[in-house]
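> I would like to see how this sequence folds:
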Amino acid sequence: MSKSEAARVFKVSRTAVHHWTKAAANNGISSLKARKRGPRSSSRLLPHEAATAVRLMEQKSPDRLGLPFYLWTREAVQQFLAQRFELSVSVWTIGRYLKKWGFTPQKPLRRAYEQERKAVQYWLETEYPQICRQAHQEKAQIHWEDEMGVRSDYQAGRSYGRTGQTPVVLGTGQRFSCNMISTITNRGKLYFKLFTQRFDATVMLDFLRRLIRQCDQKMFLIVDGHPVHRSRAVKSWVERHANRIRLFFLPSYSPELNPNELLNHDVKANAVGRQRAKNKTEMIENLRSYLRSTQRQPYVVQNFFREKHVAYASA
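Alright, predicted model coming up:
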């Protein structure tokens, strides 16, 4: 048929029919195959450059690479590519790159610069397995200890409200606090003490005396490097009661290795952040009630040991 007749049959312009016949004559009928419309999806970033970018983003934060950012945002990646590969692209293109690389925006975990990776690796691969073997030989329980401060103005959770109107929660304008020291085991045991004075050797020793009264088995107590834990008074007391208790120290600046940190987060979120105590006495009662309830539910404590950073301590 003629081009005019073809245009009328297929309901397109005569110019379109002209382009089709010309393309078929020059490149064959396969040139008329339907293709995805829009710009080509090829990246201006070479494969080895993309691999380098992904590796550095996974291993280092922006400020460690000389960038004026603390977190990996699209703007941070944009400046990194410009600095490293002299590649100038928009933040929208950066967003497509990140999606292609499998990156999503997440709330980061905090790690201390001072943490020694070799010490952490030694703890996980050598030191803690040795503690487990000794505990099995001496029929001892492994307890994970930690302490924390609790404030009345701690806020947790979210509340629904009208779009653009931040919900208001009423509470006392007074600020009060107390402290907590606790131990947990991967069998679901929980022991705690609430106190209002400063954490010192006297408080620590009182808690240790309670522990050996309440526990029939020998205890291997794993603690962090707090000065009170290393004080002369605590060390001397533990040596005198070596048949009942021993202390072991976590690597420095490594709170993520301690399952008790998860108990702390749980208490702050549910016993403090979601309740509104009117005074210190009420806050302490709320904490004590919540912790006693947790003691009656061993599976809750056991669940803390299933988080990936502390799963090594679950066995």
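
> can you give me the distance of Ser236 to Ala201?
10 Å (CB to CB, to the nearest Å). In this view, the C-beta of every residue, glycine as well, is placed from N, C-alpha and C.

> again with Met1
Distance from Met1 to Ala201, by CB to CB: 100 Å.

> just the element for Val238, please.
Assigned by DSSP states H and E, Val238 falls within helix 232-240.

> any low-confidence regions in this protein?
Along the chain, the model assigns pLDDT under 70 to residues 37-42, 112-113, 154-160, 169-173, 273-274.

> returning to what we had before: the more surrounded of Ser236 and Ala201?
More crowded of Ser236 and Ala201, by other CB atoms under 10 Å: Ala201, with 17 against 11.

> list the buried residues in stretch 208-224.
Neighbour counts using 16 or more other CB atoms under 10 Å place 208, 211, 215, 218-224 of stretch 208-224 among the buried residues.

> please save the CA atoms from it in CSV.
Extracted in CSV, the C-alpha atoms of stretch 208-224 (Å, rounded to 0.1, in the frame of the first residue of the first chain):
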residue,chain,number,x,y,z
LEU,A,208,27.6,-8.3,94.2
ARG,A,209,26.7,-9.4,97.8
ARG,A,210,23.1,-9.7,96.7
LEU,A,211,24.1,-11.8,93.7
ILE,A,212,26.0,-14.4,95.6
ARG,A,213,23.1,-14.6,98.1
GLN,A,214,20.5,-15.1,95.4
CYS,A,215,22.5,-17.5,93.1
ASP,A,216,23.5,-21.0,94.2
GLN,A,217,25.9,-21.5,91.3
LYS,A,218,29.3,-19.9,90.8
MET,A,219,29.1,-16.8,88.6
PHE,A,220,31.3,-15.6,85.8
LEU,A,221,30.4,-11.9,85.6
ILE,A,222,31.2,-10.1,82.4
VAL,A,223,31.6,-6.3,82.8
ASP,A,224,32.9,-3.3,80.8
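
> which strands and helices lie in contact with the helix ranked longest in the chain?
When the chain is parsed with DSSP state H, its longest helix is helix 280-295. If you count contacts as 3 or more CB pairs under 8 Å, 6 or more residues apart in numbering; DSSP states H and E, helix 280-295 packs onto strand 177-184, strand 190-195, helix 260-267.

> to Arg296, which of those lies closest?
strand 190-195 (9.5 Å; CB to CB).

> got a list of contacts for the next helix or strand after that closest one?
Helices and strands here follow DSSP H and E; after strand 190-195, the next one along the chain is helix 201-214. With CB atoms under 8 Å, 6 or more residues apart in numbering as the contact definition, helix 201-214 has outside contacts at 143, 181, 183, 191, 193, 195, 197, 219, 221, 228-229, 231, 233-234, 237-238, 241, 244-245.

> and stretch 88-98, by the same measure?
So stretch 88-98 is contacted by 43-45, 50, 74-75, 77-78, 81-82, 104 (CB under 8 Å, 6+ apart).

> which of the residues you listed are buried?
Buried among those (16+ other CB under 10 Å): 45, 50, 74, 77-78, 81.

> for Ser293, state which of the residues you listed is nearest.
For these, the nearest to Ser293 is Arg74 (44.3 Å; CB to CB).
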